[in-house]
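Enquirer: following is a predicted model, sequence given first.
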Amino acid sequence: MPVSTWRQTAITRLRAWAARRHGQDALPVTIDRRRIYILPTRFGLMLAALVVAMLIAGLNYNSNLGLAFAFLMASLALVAMHHCHRNLLGLSVDVNLEADAFVGEDAAFEFTLRNPSAVDRRDIEIRLAADAEALKSVGANGDERVTVEVAVVRRGVLRFSQFELRTRYPFGWFRAWTYVQGSLSAFVAPRPRGDRRPSAAAAEGGVPRSEAHGDEEFAGLRPYAPGVPLKHMAWKVLARGGDAAVRGYTGLAAQPDWLEWSALEGLDTEARLSQLCRWVLANEAGYRRAYGLRIPGVEISPGWGAAHRVRCLRALALYSAEPAMPVEPQR
Amino acid sequence: MKLAAASATKVTYDQLQWLCACLALALLAHVAALPIWLILTVCAAAAIRLGLAARGRGAPARGIRLGIAAVSIALLFVQYHTFNGLAAGTALLSLMAGLKLLELQSHRDFHVIILIIYFLNLAALLHSESFWLLGYLIAVSWLTSATLMRLTISTPPPGWRPSMRRAGRVLAQALPLTLILWLFFPRFDGPLWRLPQESQGAESGLSDSMSPGDISNLAQSDDIAFRVHYLDATPPPPQRYYRGPVLHDFDGHTWRRTHSDPTPVPPLVPSGIAYRYTLSLEPHPHNWLFALDWPTRWDLPGAMLTSDYTLVQPAPVSRPADILAVSYSQMRTSDALNPAMRRRDTRLPPGRNPRSILLSQQLRGSHPDDMDFARAVLELFHEQPFFYTLKPPPLAEDSVDAFLFDSRRGFCGHYASAFATLMRAAGIPARVVTGYQGGTFNRYAGYWILRQSDAHAWDEIWIEGRGWVRIDPTSAIAPERVERGLNDALVADEALAGRWQRHSPWIADLRLRVDALGQQWRRSILQFDQKSQDNLLLILHISEPDGQKLVMVLAVGLGLALSWLTWQVRREMRPPVKDPLVRAYGRLCRKLANIGVPRRLHEGAEAYAERVAELRPDLATALTALCRRYTELRYGSRRARAGGPSRAELAFISGVRAFRPHALKPKI
């Protein structure tokens, strides 16, 4: 439809212009007057037509009360416009979390909205794309966390260079919005599936050998990193008031599993990646054993734990030069 | 959470209830003007829709909806023959709101109904201009806006108070802007285009004929005919005659006005005292204006005097009108009466009222002088047992005979009719004048109120060399009528409509006060026009006001009002005064943000310090200490403090003051 095309073009231009105008934003961003845009909605335009009709009726019937009522409606709209604008003004927004996802699931972006003012902010919508939006009200002098979930269908990096905050409060006659030039990204790993065994080596000694860790030799303390099994925590150190630490063992990576691209002959690329992804998850969840990943162009040396897992999954997400997902959010 | 497009979102039962309440209240203002079946249709639509919604179901099937719509719109057209004009338009809008309610599904339908409600409110104000109605409609609009707000926000608060409060705040902030727009928006003289005229207001009042008993019927009515405000002197009671239609043609029973005016206005030489006054007419179905005897000047364009000195305008008085006029207490005509008029005003129906004609001729024998004869007839009314009564017995065809010789009980119309007949029988030109006489003084606002009960009829006879002379035969029978008003003239046991009200002084008083307020409202609000705007500009010391200056003042006023609004809206946002501790922490964060490490919104003080320490080891010691201090003070066991900040807090505050981080790389 030509109107919607025209509209789409206008919005794209506005977004690009806003991006040039404000430059890259350092989060958190506090929304000031310069970056709030406001326009009447379709309902607002209907109201404007109504006010004009009222004005004509009042003038035509020479009715001062009719005129007064028409002016009341016009003023009400003006005040509503101010309230709509104010609903965004002075809010601070920050991104707390960009959660990776698997194909077919939702990537989640968590935002914090902070309202330092004495008035409630009603129905602030954070919007990344047409079907990726979330709504939240923020009380006076309060914070709220808002999670926006984005359904992902393709492997790669989900990237947004801009997101939008918008509101139609109080009467839906106006929409105020602002663009924040904060880049958001989440890695989309392949959908984990496949039923092959990891490798010949792993298949031989395929018994979970978690208890084997106890036999390894203690090799000093390392700083704590999330994802380390609780039994490896150096509780005594923590109890003495020191920083959280983990006991390291030299033998942990002694007999690593290698998750090999080459072990999956006969499958196409995505199926291979899916199988590798599944192995990574299985290793993390069940076998608790150091593993390495080898795919063309990337080799991740054996390791274990959340950070290692993330590295592997991201490598799988990034495999090959597939174009990333469409990154520009759409209205 | 995924959001559907707002306009396609379903409407909840709660929102539907609010909407139905708004629509019902808006229609209440029109209930008298709308056909019953239409109101029932809208009510039924609301009931059906609410019933379905309560069971969690949507709108009824499309076929049913279309059927109802087609039938009811056709009915409406049959009733009004048009969809144009205020009455038919209002009915159509009301019906559309009802039908829309029936098919209400999405927010878009909801929006349409809301807009219709707003417009219905306006239409009610075009119908009636009462102060109370305005208040009521503003309240309805308030509720409507609150309803709209409940629709717009995703989780409306329970109960009606929070919504009403929020919508009320918006409405209150809109009032100053409204006032400025209303005061300075340029007014035009006439309507933009002609509208179908709709008769408005009371149908009662004087008509262009008078049968015995007409005026006494009118006297039962308490409706207000007009109000008079004298600018200088007030005429004494015997001169308070307000002239309406003059009746010439008599058929023995009924007097009628002659429509074809054969002659130009005989020149009128005013004499005596000039009275300047404002006449505020209520609408009535005829075109005459009730000026005080004898009108000479008036400021209503198009109005003119008929040959019998009634002030008329071309069209009926369909809306309240204010006329500034001047009348003289006496007038004199030196010209002779033109023969056509003399013929008309001495004509009597042949063969009717024979006894009266005989009586007149007998009396005329002993009174050859015209004025003398008139006095003799008045004397007769005074001497003989005639009674002034509001309930005269019905009279036979020869009404004057029946009245003069049989019943002898009559109201002013009877006496005027009999007197004119007797005059004409003697060859003296005579005519009956109808109008109003007397009035009630409103001491709260200084004007006279003339009600239908002040309607009166009197005579004028032609005296050679003097012109038309007013004779009021009623004053011969009941002089109190002319001096003090109808109520004192009546026999004690006769009930006048609204008499108890007038007998209870405090109610009469209250009525006068309410009437005075109503006039104030009318003068300052309803009749606010170009002239009032010019005066307003003069008050603002703007000389020679014109349209252009008005628009400039409007622009300036709007600018001021909008600045006020902006200020007001921002002022509400200003946070309450913060704890000095929190303020100092805010300063600390700002200092760090200035060197390029702003605190993330989800970061606590110590996590923040840690992150900064990693980036800027040079700040680590000072910052970690400060942030730990802050956490202790803020979240540790704090005592409720009565006075200012504690010593530890002061230490923290001065620590922040002394903390002066520098950006690592100097800006190029």
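Expert: All right, it came through fine.

Enquirer: what's near enough to touch residue 109?
Expert: Chain wasn't specified; assuming chain A. Listed by CB atoms under 8 Å, 6 or more residues apart in numbering or on different chains, the contact partners of A:Phe109 are A:Val95, A:Leu97, A:Glu98, A:Ala99, A:Leu128, A:Thr147, A:Val148, A:Glu149, A:Val150, A:Leu184, A:Ala186. Every C-beta, even on glycine, is put in place using the N, C-alpha and C of the backbone.

Enquirer: to clarify, I was referring to chain B.
Expert: Shown here is B:Asp109, whose contacts under the criterion CB under 8 Å, 6+ apart are B:Val11, B:Lys100, B:Glu103.

Enquirer: and if you look at A:Asp32?
Expert: Under the criterion of CB under 8 Å, 6+ apart, the neighbours of A:Asp32 are A:Leu89, A:Gly90.

Enquirer: state the pLDDT value of the residue most central in space within chain B.
Expert: In chain B, the C-alpha nearest the mean C-alpha coordinate belongs to B:Glu129, at 2.0 Å (CA atoms, centre = their mean). In the predicted model, B:Glu129 carries a pLDDT score of 82.

Enquirer: again with B:Arg484
Expert: As predicted, B:Arg484 sits at a pLDDT of 67.

Enquirer: now B:Thr41
Expert: 90.

Enquirer: B:Ile323: which element?
Expert: B:Ile323 is part of strand B:321-332 when elements are defined by DSSP states H and E.

Enquirer: direction included, what does that strand pair against?
Expert: When pairing is defined by DSSP bridges, strand B:321-332 lines up against strand B:269-281 (antiparallel), strand B:295-298 (antiparallel).

Enquirer: so which elements touch the lengthiest helix in chain B?
Expert: Using DSSP state H to assign secondary structure, the helix with the most residues in chain B is helix B:547-573. For helix B:547-573, the helices and strands in contact under the criterion 3 or more CB pairs under 8 Å, 6 or more residues apart in numbering or on different chains; DSSP states H and E are helix A:64-88, helix B:161-184, helix B:530-539.

Enquirer: tell me the buried residues in it?
Expert: Residues B:Lys549, B:Leu550, B:Val553, B:Leu554, B:Gly557, B:Leu558, B:Ala561, B:Leu562, B:Leu565, B:Val569, B:Met573 are the ones in helix B:547-573 that count as buried (16 or more other CB atoms under 10 Å in any protein chain shown).

Enquirer: just to revisit the earlier point, tell me the one among the contacts of A:Phe109 nearest to B:Gly58.
Expert: Proximity of the contacts of A:Phe109 to B:Gly58, judged by CB to CB, is greatest for A:Glu149, which lies at 28.6 Å.

Enquirer: wait, the closest one touches A:Phe111, no?
Expert: No. With contact defined as CB atoms under 8 Å, A:Glu149 does not count as touching A:Phe111 (11.9 Å).

Enquirer: between those two, which is the more surrounded one?
Expert: Neighbours per residue, other CB atoms under 10 Å in any protein chain shown: of A:Glu149 and A:Phe111, the larger number sits with A:Phe111, 28 against 20.

Enquirer: how about the more buried one, secondary structure?
Expert: Reduced to three states with DSSP: H, G, I helix; E, B strand; the rest coil, the structure at A:Phe111 is strand.

Enquirer: the strands paired with strand B:321-332 into TSV, with extra columns for mean neighbour count and mean pLDDT?
Expert: Shown next, in TSV, are the strands paired with strand B:321-332 (neighbours: other CB atoms under 10 Å in any protein chain shown; pLDDT from 0 to 100):
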stretch	mean neighbour count	mean pLDDT
strand B:269-281	17	89
strand B:295-298	18	89
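
Enquirer: and those strands: which comes nearest B:Asp223?
Expert: The closest approach between B:Asp223 and any of these, judged by CB to CB, belongs to strand B:269-281 at 12.6 Å.

Enquirer: which outside residues touch that closest one?
Expert: Counting by CB under 8 Å, 6+ apart, strand B:269-281 makes contact with B:225-235, B:289-292, B:294, B:296, B:317, B:320-334, B:447, B:519, B:522, all of which sit outside it.

Enquirer: show the buried residues in those residues.
Expert: Of all the contacts of strand B:269-281 considered here, the ones buried according to neighbour count by 16+ other CB under 10 Å are B:225-229, B:234-235, B:289-292, B:294, B:296, B:317, B:320-321, B:323, B:325-331, B:333, B:447, B:519, B:522.

Enquirer: the next helix or strand along the chain from the longest helix of chain B near chain A anywhere?
Expert: Of the helices and strands lying after helix B:547-573 in sequence (DSSP H and E), the nearest is helix B:580-594. No. For a cut-off given as CB under 8 Å from any CB of the partner chain, helix B:580-594 has no contacts with chain A; the smallest distance is 8.8 Å.

Enquirer: give the buried residues for helix B:580-594.
Expert: By 16+ other CB under 10 Å, the buried positions in helix B:580-594 come out as B:Leu581, B:Ala584, B:Tyr585, B:Leu588, B:Cys589, B:Leu592.

Enquirer: and for stretch B:167-178?
Expert: By neighbour count on 16+ other CB under 10 Å, the buried set for stretch B:167-178 is B:Ala167, B:Val170, B:Leu171, B:Gln173, B:Ala174, B:Pro176, B:Leu177, B:Thr178.

Enquirer: how far off centre is that stretch?
Expert: 22 Å (CA atoms, centre = their mean, to the nearest Å).
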